[in-house]
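Asker: show me how the following folds:
(chains A and B)
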Amino acid sequence: KNQVEQSPQSLIILEGKNCTLQCNYTVSPFSNLRWYKQDTGRGPVSLTIMTFSENTKSNGRYTATLDADTKQSSLHITASQLSDSASYICVVSENNQGGKLIFGQGTELSVKP
Amino acid sequence: EPEVTQTPSHQVTQMGQEVILRCVPISNHLYFYWYRQILGQKVEFLVSFYNNEISEKSEIFDDQFSVERPDGSNFTLKIRSTKLEDSAMYFCASSRSNSPLHFGNGTRLTVT
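Answerer: Numbers count the residues shown, from 1 in each chain, chains lettered A, B, ... in the order given. Predicted coordinates for the structure are as follows:
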């Protein structure tokens, strides 16, 4: 069964610190992997999207990595800010249209002052 | 920046009633989607829509559900006879071809 698993489930860090979130997937076929940020009560917002051939992609303080051989991805957040507090969701797409996305449970990140 | 807008933000309905959730996708997008998120659970795919027809749907999207693009701007999700287990946050999304999906802020549906 196609699955996306994330760890840790939740994480508390101090403002200014870095953190890394993990994602393992068993989705096949695989088209691309996305990281989304979801604030409470809001829709998910895209952070990065990586295809099979991409190993790393950055978006400001967010850097995502992808190892398609081991089916693992990580999201590294540098110099965290209070506004980074949110759920970070790993999402995998089976096809190029990107419609049927398979979502992970998310990692709930809390950044404390 | 253009946004996907959804109305209402919160809908309360009685079991067995019909509801229509409304979405206005981003204007130059061609692909439209509905997802739902039951409280505390993962976001789940319901249906994708392209060129005025359903292109893919999940097992969740049974005969009680239907989608429509009644005009050039709106995209609706109808649930014919709501059940308690339909209570969830329903997200509409849109995209151009192989690009990130843009999600709306959701409609929270509460079935009592």
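
Asker: ok, now how distant is B:Phe61 from chain A?
Answerer: Using CB to the nearest CB, to the nearest Å, B:Phe61 is found at 11 Å from chain A. Where you see a C-beta, it was placed from the backbone N, CA and C, and this is true even at glycine.

Asker: burial measure for A:Val27, as a count.
Answerer: By other CB atoms under 10 Å in any protein chain shown, 18 other residues sit near A:Val27.

Asker: my bad, B:Ser97
Answerer: Count around B:Ser97 with other CB under 10 Å applied: 11.

Asker: wait, it sits on B:Leu30?
Answerer: Yes: here B:Ser97 reaches B:Leu30: they are 7.2 Å apart, a contact under CB atoms under 8 Å.

Asker: so what are the sheet partners of the lowest-mean-pLDDT helix or strand in chain A and their directions?
Answerer: Least confident element among the helices and strands of chain A, by mean pLDDT, DSSP states H and E: strand A:101-103 (a mean of 89). Take DSSP bridges as the rule and strand A:101-103 pairs in its sheet with strand A:86-93 (antiparallel).

Asker: and the one helix or strand A:Leu109 maps to, which residues are buried?
Answerer: Assessed by DSSP states H and E, A:Leu109 sits inside strand A:107-112. Buried residues in strand A:107-112, defined by neighbour count with 16 or more other CB atoms under 10 Å in any protein chain shown: A:Thr107, A:Glu108, A:Leu109, A:Val111.

Asker: contacts for it?
Answerer: A:6-15, A:19, A:21, A:77, A:80-89 (CB atoms under 8 Å, 6 or more residues apart in numbering or on different chains).

Asker: just the buried members of those residues?
Answerer: A:6, A:11, A:13, A:19, A:21, A:77, A:80, A:84-89.

Asker: okay if I get these as TSV plus distance to B:Thr82 and pLDDT?
Answerer: Formatted as TSV, these follow (distance: CB to CB, whole Å; pLDDT from 0 to 100):
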residue	distance to B:Thr82	pLDDT
A:Gln6	31	97
A:Leu11	36	97
A:Ile13	41	97
A:Cys19	40	98
A:Leu21	35	98
A:Ile77	39	98
A:Ser80	41	97
A:Asp84	36	97
A:Ser85	33	97
A:Ala86	30	97
A:Ser87	27	96
A:Tyr88	31	98
A:Ile89	27	97
